[in-house]
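Trainee: Prediction below, plus the sequence it came from.
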Amino acid sequence: MGLAPAFVALACCAAAGCSARAPAFPPGYTQQRSAAGTFWVRTLPGGGRETYRVQTRPFTGTLKDLASSETIDTVLRNKGARYVSSDPFPACPGEAGILTFHIRGATGSEIREEAFTVFNQKSIAVTATRPATEPLDSAVRSAMGKNVCNVPL
């Protein structure tokens with residue numbers, strides 16, 4: 001009896017042409033798994049590392065509400081986090097935003113960028129961290145855009 005509703009939902013989704021798409025991630029990153037979910041890592045030649053994570057959650061607020069929520073969560077979860085900026089996401093302004101933080105930790109300073117959007121009562125947040133000494137990789141920003149821009153409603 002429990003399978004019938006799931007099958008009907010899957011059949012409706014297939015008939016409508018919808019599908020769960022895999023998250024986009026930058027080339028050169030390796031997929032990792034932890035208790036918190038899947039993420040991707042790239043080890044840098046100097047020994048540092050960059051991380052990349054895509055998370056989707058239920059969310060009933062606006063894009064502005066999500067920006068506030070993510071800012072507060074980041075500052076509270078990361079001792080030494082300093083808010084740097086909040087801007088429209090360059091590839092799709094009005095559709096998504098990007099937050100930037102500078103985080104000082106035991107392993108050094110890093111930059112954390114979070115691209116985010118809201119659609120269909122869900123949020124998508126893409127978080128990329130890198131050592132503060134590393135420049136932004138354009139492939140990372142491109143992958144972020146693939147996750148938060150032109151999200152099918």
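Mentor: Done, it's in.

Trainee: for the chain, what helix or strand is lowest in average pLDDT?
Mentor: One helix or strand of the chain scores below all others by mean pLDDT, DSSP states H and E: helix 3-16, with a mean of 37.

Trainee: list the buried ones in stretch 58-76?
Mentor: Residues F59, L63, L66, A67, E70, T71, T74 are the ones in stretch 58-76 that count as buried (16 or more other C-beta atoms under 10 Å). No exception for glycine: its C-beta is placed from N, CA and C like everyone else's.

Trainee: what's the closest non-adjacent residue to the first one?
Mentor: In other words, F59. Nearest residue to F59 in three dimensions, chain neighbours excluded: S123, at 3.7 Å (C-beta to C-beta, 6 or more residues apart in numbering).

Trainee: Tell me the pLDDT of the one you found.
Mentor: pLDDT recorded at S123 is 95.

Trainee: Adjacent strands (with direction) for the strand ranked longest in the chain?
Mentor: In the chain, assigned by DSSP state E, the strand with the most residues is strand 108-119. Taking DSSP bridges as the criterion, strand 108-119 forms sheet pairs with strand 97-105 (antiparallel), strand 122-131 (antiparallel).

Trainee: Please identify the buried residues of it?
Mentor: So, applying 16+ other C-beta under 10 Å, buried residues of strand 108-119: E110, I111, R112, E113, E114, A115, F116, T117, V118, F119.

Trainee: for it, the distance to its chain's centre please.
Mentor: 7 Å (C-alpha atoms, centre = their mean, to the nearest Å).

Trainee: got the contact list for stretch 58-72?
Mentor: For stretch 58-72, the surrounding residues in contact (C-beta atoms under 8 Å, 6 or more residues apart in numbering) are 83, 86, 96-97, 99, 114, 116-118, 121-123, 125.

Trainee: which SS class is S69?
Mentor: helix (DSSP: H, G, I helix; E, B strand; the rest coil).

Trainee: coming back round to it: tabulate the buried residues of stretch 58-76 in JSON lines, adding columns for distance to A35 and pLDDT.
Mentor: Conversion of the buried residues of stretch 58-76 to JSON lines gives the following (distance: C-beta to C-beta, whole Å; pLDDT from 0 to 100):
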{"residue": "F59", "distance to A35": "22", "pLDDT": "95"}
{"residue": "L63", "distance to A35": "29", "pLDDT": "94"}
{"residue": "L66", "distance to A35": "24", "pLDDT": "95"}
{"residue": "A67", "distance to A35": "27", "pLDDT": "95"}
{"residue": "E70", "distance to A35": "21", "pLDDT": "94"}
{"residue": "T71", "distance to A35": "25", "pLDDT": "95"}
{"residue": "T74", "distance to A35": "20", "pLDDT": "93"}
